[in-house]
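S.K.: sequence-free structure coming up:
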């Protein structure tokens, strides 16, 4: 049986932490920043953790 390949899109967007949680970056922080408030832009800098349902699916895509 051939090896399962890692999903290219998923490996660019998600990382698995040491405790097994899936980390992601927040969207909407790349362009048209002049119309967004400083508070909103600051909060978009922080990374976030996926919830359990989504992380199960993403881990399957990242399985090597």
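M.R.: That came in fine, so what should we check first? Predicted model, so just to flag it, every value in this text is computed and none were measured.
S.K.: can you show me the helices along the protein?
M.R.: Using DSSP state H, the helices found in the chain span residues 8-13, 38-45, 52-62.
S.K.: columns mean pLDDT on top of these, output as TSV?
M.R.: Formatted as TSV, the helices of the chain follow (pLDDT from 0 to 100):
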stretch	mean pLDDT
helix 8-13	96
helix 38-45	97
helix 52-62	92
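S.K.: pick the most buried one from those.
M.R.: The highest mean neighbour count among the helices of the chain belongs to helix 52-62 (a mean of 13), with neighbours defined as mean count of other Cβ atoms under 10 Å. For the C-beta atoms, the positions are set from N, CA and C on the backbone; glycine is no exception.
S.K.: what's that one in contact with?
M.R.: 6, 7, 10, 11, 14, 16, 21, 22, 50 (Cβ atoms under 8 Å, 6 or more residues apart in numbering).
S.K.: neighbours of residue 15, how many?
M.R.: 13 (other Cβ atoms under 10 Å).
S.K.: same check on the one 5 residues further on?
M.R.: Residues contacting residue 20 under the criterion other Cβ under 10 Å number 8.
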